[in-house]
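got a predicted structure plus its sequence, pasted below:
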Amino acid sequence: MADESKPLNFIQQTITRDLAEGVVDKVVTRFPPEPNGYLHIGHAKSICLNFGLAEQFGGDCNLRFDDTNPEKEEDEYVQAIIEDVQWLGFQWSGDVRYASDYFGQLYDWAKYLVQEGKAYVCELNAEQMREYRGTLTEPGKNSPFRERPADESLTLLEQMKKGDVDEGSMTLRAKIDMASPNVSLRDPVMYRIKKVPHHRTGDQWNIYPAYDFAHGQEDAIEGVTHSVCTLEFASNRPLYDWFVENLPVPSTPHQYEFGRLNLNYSVTSKRKLKQLVDEGHVVSWDDPRMPTISGMRRRGVPAVAIRHFCDSLAVAKTDGVVDISQLEHFIRDELNKNAPRAMTVLRPLKVVISNLPEDHLEQLTAPQHPELDMGNRTLPFTREIYIDTEDFKEEYSKKFKKKLTPGKRIRLRNGYVIEADDYVKNEAGEVVQVNASLVPDTLGKDPADEIKPKGVVHWVSVQHCVDCEVHLYDRLFNDPAPDAGDKNFLDAINPASLQVMTGCKAEQSLADAEESTTYQFEREGYFCKDRKNSSAEKRVFNQTIALRSVWVEADT
RNA sequence: UGGGGUGUGGCCAAGCGGUUAAGGCAGCGGCUUUUGAUGCCGCCAUUCGGAGGUUCGAGUCCUCCCACCCCAGCCA
């Protein structure tokens, strides 16, 4: 997977050195999501990084759910996350792991620290603890419970665990340094009381370990060598190391931080994404407009495109904002190379080819792909066809030279050249039918009179097409930085992010389109059949992404 | 006014003291084209947050300054 020509990032350099110096024999990484929401594009970067590192250096990568807060976590999320990681194409080492598997061990280690005089049960409430903690510029002061005897803390801890103590009234804290310039080290909470059922351990526990007391030890238990996380955890690293050093853990993992992915015109925060779903701004976590893995999958984005995009991202400590066009580039690149082609008319306009008999039916063939050998499809060609309303203009102008216009010719994609004769309007003044003539002997060749058509237009047979609905998407937010500063990201929501096109006409071969394949609807973009809204009677296609276009239609 | 990070073209980014500062995205020209797609060709930083300094030589080393991000949850 590693591209030899690419320079090693700082984590790869560290691993290379650790392997060379024998600091580690084998690399073990892990992807540790909290099951409190669906995975998004930012997680994809972390997934590709962690699994990629293991792959490149012949090691293992674990999938471990960091489920230490039952108030926010649900089994629905763990199932969705498992599916997303697999879909992206990665396989974790061994079974799926859970922080909750280690609750017993963690509890024993907590008691060990108490016995060592390095932890204590504190009876300060949340507000008091905040006061005692000090500020960024002033040191904190010691809790009055800090020097309480170990066996007293042990007894209290046991009561906390049994559920005999009220939530919020006691915590177990590490005894480190209330005057540390690093606030994380000012006697951090190790255990808090939560009388809440856990998605895996049920009501077995009344206390749950805090992230800082759990993560490093989980890594140590699993033999993780390189624990890669995002930048905001950098100030937690000394605490991560403190627990690992002060506990009889089976191995010594190390934490490395890299800059998380930020994408413009998007939000990549599980909290905000959850809000979009909960408040109905989108219909679900896998709504095709969501920057979630499941949303992109449903929209037709290939997993490999996401992987290529992630691989193109720098693993560094800079926190930049990547332009969405970068992601779009990899999606188009992959789809252009591999998506089968098809024709679908989004805004049908009937064209009657008058010099063809009423019952004319000719089976034309067209390649599934212009370059790849993917076989052919048949295109029934009849007297009546549909082209896109946008592809016909009443008046010719240089601007519209590639469109059909009276007296001018156009090539039907994969078919003949036709020439428009006249057209019919309805009461509203809209063109509802075009009458045209077929220019003979133009299948695969130019007209004999050398008057070549300037443009190519996609079409379907009126009698041999299938009805469908097409969902067109625009970005979910109009603001490049919807959640910057003190902005409310909801204010930036694009009210026109979804456009439902009904009465669309797809070529016959799309009758049995598969949800797992994304097609290029020629001259329109990439589309895949929606896995939720489609039924036997109704076909719905989601737009993955439009084709690039330098064509801007002006009204002159 | 504490601690931890980061600053290279519109965006991302390589560069690890020594030819004229990689590459990708976006943009702009041109060619090809039965997808206004794709492909191909060309253009796009006298300069690396700023100011000093060290050196024959600095984006790369030193000093000071500036800007931005993270940390004061019994969230992760």
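Great, that's in hand. Because the structure is predicted, anything quoted here is derived from the model rather than measured.

what are the boundaries of the helices in chain A?
Using DSSP state H, the helices of chain A run over A:10-20, A:41-56, A:75-87, A:103-115, A:126-133, A:150-162, A:211-222, A:237-246, A:270-278, A:293-299, A:303-312, A:324-338.

break chain A down into its domains, please.
A:10-258, A:270-341+A:468-555, A:349-457 (automatic domain parsing).

could the ones you listed go into CSV alongside distance to residue A:264 and mean pLDDT?
For the C-beta atoms, the positions are set from N, CA and C on the backbone; glycine is no exception. CSV is the format used below for these (distance: least, CB to CB, whole Å; pLDDT from 0 to 100):
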stretch, distance to residue A:264, mean pLDDT
domain A:10-258, 12, 98
domain A:270-341+A:468-555, 4, 95
domain A:349-457, 29, 96
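
distance to RNA strand B added to these, as a markdown table?
Formatted as a markdown table, these follow (distance: least, CB to the nearest atom of the strand, whole Å):
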| stretch | distance to RNA strand B |
| --- | --- |
| domain A:10-258 | 3 |
| domain A:270-341+A:468-555 | 3 |
| domain A:349-457 | 4 |
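
circling back: distance to residue A:139 added to the helices of chain A, as CSV?
Formatted as CSV, those follow (distance: least, CB to CB, whole Å):
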stretch, distance to residue A:139
helix A:10-20, 33
helix A:41-56, 35
helix A:75-87, 39
helix A:103-115, 23
helix A:126-133, 9
helix A:150-162, 24
helix A:211-222, 20
helix A:237-246, 16
helix A:270-278, 31
helix A:293-299, 44
helix A:303-312, 42
helix A:324-338, 44
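
would JSON lines of these with mean neighbour count and distance to residue A:534 be doable?
Listed next are the helices of chain A as JSON lines, based on neighbours: other CB atoms under 10 Å; distance: least, CB to CB, whole Å:
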{"stretch": "helix A:10-20", "mean neighbour count": "15", "distance to residue A:534": "42"}
{"stretch": "helix A:41-56", "mean neighbour count": "23", "distance to residue A:534": "25"}
{"stretch": "helix A:75-87", "mean neighbour count": "17", "distance to residue A:534": "19"}
{"stretch": "helix A:103-115", "mean neighbour count": "18", "distance to residue A:534": "43"}
{"stretch": "helix A:126-133", "mean neighbour count": "14", "distance to residue A:534": "50"}
{"stretch": "helix A:150-162", "mean neighbour count": "17", "distance to residue A:534": "51"}
{"stretch": "helix A:211-222", "mean neighbour count": "24", "distance to residue A:534": "41"}
{"stretch": "helix A:237-246", "mean neighbour count": "18", "distance to residue A:534": "47"}
{"stretch": "helix A:270-278", "mean neighbour count": "16", "distance to residue A:534": "21"}
{"stretch": "helix A:293-299", "mean neighbour count": "24", "distance to residue A:534": "11"}
{"stretch": "helix A:303-312", "mean neighbour count": "20", "distance to residue A:534": "21"}
{"stretch": "helix A:324-338", "mean neighbour count": "17", "distance to residue A:534": "20"}
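
out of those helices, which is closest to residue A:96?
Checking the helices of chain A against residue A:96 by CB to CB gives helix A:75-87 as the closest, at 6.5 Å.

how much does that closest one deviate in direction from helix A:41-56?
Here the directions of helix A:75-87 and helix A:41-56 differ by 50 degrees (axes from the mean of the first three to the mean of the last three CA atoms, to 10 degrees).

helix A:75-87 versus helix A:303-312: what angle between them?
Going by the same axes, to 10 degrees, helix A:75-87 makes 80 degrees with helix A:303-312.

what about dumping the CA coordinates of helix A:75-87 to CSV?
Extracted C-alpha coordinates of helix A:75-87, given in CSV (Å, rounded to 0.1, in the frame of the first residue of the first chain):
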residue,chain,number,x,y,z
ASP,A,75,-25.0,-0.7,20.0
GLU,A,76,-26.5,0.8,16.9
TYR,A,77,-23.4,2.8,16.5
VAL,A,78,-21.0,-0.1,17.0
GLN,A,79,-22.8,-2.1,14.3
ALA,A,80,-22.6,0.9,11.9
ILE,A,81,-19.0,1.5,12.7
ILE,A,82,-18.1,-2.2,12.1
GLU,A,83,-19.8,-2.1,8.7
ASP,A,84,-18.1,1.1,7.7
VAL,A,85,-14.6,-0.1,8.5
GLN,A,86,-15.2,-3.3,6.6
TRP,A,87,-16.7,-1.5,3.7
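
CA atoms of stretch A:313-321 as CSV?
This file holds the C-alpha atoms of stretch A:313-321, laid out as CSV (Å, rounded to 0.1, in the frame of the first residue of the first chain):
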residue,chain,number,x,y,z
LEU,A,313,-3.5,13.6,2.9
ALA,A,314,-0.5,14.6,4.8
VAL,A,315,0.1,13.1,8.2
ALA,A,316,1.6,16.0,10.0
LYS,A,317,0.9,18.3,12.9
THR,A,318,-0.5,21.1,10.9
ASP,A,319,-4.2,21.6,11.2
GLY,A,320,-5.3,22.8,7.8
VAL,A,321,-8.6,22.8,6.0
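
how far out from the middle of the chain is that stretch?
Taking the mean of its C-alpha atoms, stretch A:313-321 sits 18 Å from the chain's own mean (CA atoms, centre = their mean, to the nearest Å).
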